[in-house]
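**Student:** Below are the sequence and a predicted model for it; my questions follow.
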Amino acid sequence: MLSGKRVIFSKGHATDYVYSSAALAGVLPPLFKGPHVLMDGAYADIAPVDVARNTGVEVVIAVDPSQPENTTGPKNGLQAMLRSIEVCQYEHASLRFAQADLVIRPAFSQTIGTLEFRLKRHCIAQGAVATRRVYDEIGSLL
């Protein structure tokens, strides 16, 4: 968060790095690690496929948790600004996911906001259903 640059670790405790990847500004505090203040919450990179590829793996499978796009036009300047950020994040994510060998895309019955933790069971179930749908593809890749 201090430099605005991506930080990649190849050694250490995976739990720390998973936490820092999920940390959200104002919700989950960042991880303080040496000179770094780490949090991502998918702001910087929702699908770091390039990082996985640089480790030498042969296959990269990603999960795209994207929600249906907001098709309602903005009603004010703040909504327009927030929508422009969504568009930017969507385009960045699309470029990242295109680099994966397989992308699993759960289908959600409703739009789920970032902070709607009460719907976590629904999210997990839809992720499991989406994964089962591509078992054969996963088997072929592996």
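**Tutor:** Now that the structure is in, tell me what you want to look at. Numbering: from 1, shown residues only.

**Student:** can we go C-alpha only for contacts and neighbour counts from here?
**Tutor:** Noted.

**Student:** does the residue nearest the centre of the chain sit in a helix, a strand or a coil?
**Tutor:** The residue lying closest to the centre of the chain (C-alpha atoms, centre = their mean) is residue 46, at 3.3 Å. In three-state terms, and counting by DSSP: H, G, I helix; E, B strand; the rest coil, residue 46 is coil.

**Student:** list the contacts for it?
**Tutor:** Neighbouring residues of residue 46 by C-alpha atoms under 8 Å, 6 or more residues apart in numbering: 93, 96.

**Student:** Can you give me the distance of it to residue 139?
**Tutor:** Counting by C-alpha to C-alpha, to the nearest Å, the gap from residue 46 to residue 139 is 24 Å.

**Student:** per-residue confidence for residue 140?
**Tutor:** Note for residue 140: predicted pLDDT of 96.

**Student:** gap between it and residue 102?
**Tutor:** In terms of C-alpha to C-alpha, residue 140 sits 11 Å off from residue 102.

**Student:** Give me the more crowded residue out of the two.
**Tutor:** Between residue 140 and residue 102, counted using other C-alpha atoms under 10 Å, the more crowded position is residue 102 (17 against 8).
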